[in-house]
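**Q** sharing a sequence plus its predicted fold:
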Amino acid sequence: MVVAFRRVRGDRAPPNINGSVVEIVQSTKFTKKAQRRLYFLRRLRKAHLPTPILTMFYRETVESIRSSYINA
């Protein structure tokens with residue numbers, strides 16, 4: 001997955017990864033939802049929680065969002 005935050009869209013060829021053309025998606029619904037969850041992950045890290053807890057939080061929240069959009 002490639003996320004680009006460019007404000008100006010140009011007439012560029014679609015990106016290639018290992019010889020495959022990557023689909024360009026106009027929706028930012030995934031990124032907004034994931035950003036909200038990452039905020040809480042950063043808060044937990046600032047509270048000095050152990051790494052296994054942070055990893056579990058990431059897998060249960062952010063990773064589940066990412067995989068649900070890939071499968072959709």
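**A** Happy to help now that I have it.
**Q** doesn't Ile65 make contact with Arg37?
**A** Yes. Taking Cβ atoms under 8 Å as the contact criterion, Arg37 and Ile65 are neighbours in contact, 6.7 Å apart. The way it works is simple: take the backbone N, C-alpha and C, and place the C-beta from them, glycine included.
**Q** direction included, what does the helix or strand bottoming out on mean pLDDT in the chain pair up with?
**A** Across the helices and strands of the chain, mean pLDDT, DSSP states H and E gives its lowest value to strand 16-17, namely a mean of 76. Counting by DSSP bridges, the strands paired with strand 16-17 are strand 20-21 (antiparallel).
**Q** and the next helix or strand after the partner strand, what's buried?
**A** Heading C-terminal from strand 20-21, the first helix or strand you meet, by DSSP states H and E, is helix 29-46. In terms of neighbour count (16 or more other Cβ atoms under 10 Å), helix 29-46 has its buried residues at 30, 33-34, 37, 41.
**Q** how about those in a markdown table, adding distance to Thr55 and pLDDT?
**A** Output for the buried residues of helix 29-46, formatted as a markdown table (distance: Cβ to Cβ, whole Å; pLDDT from 0 to 100):
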| residue | distance to Thr55 | pLDDT |
| --- | --- | --- |
| Phe30 | 21 | 65 |
| Lys33 | 20 | 76 |
| Ala34 | 16 | 76 |
| Arg37 | 14 | 82 |
| Leu41 | 10 | 88 |
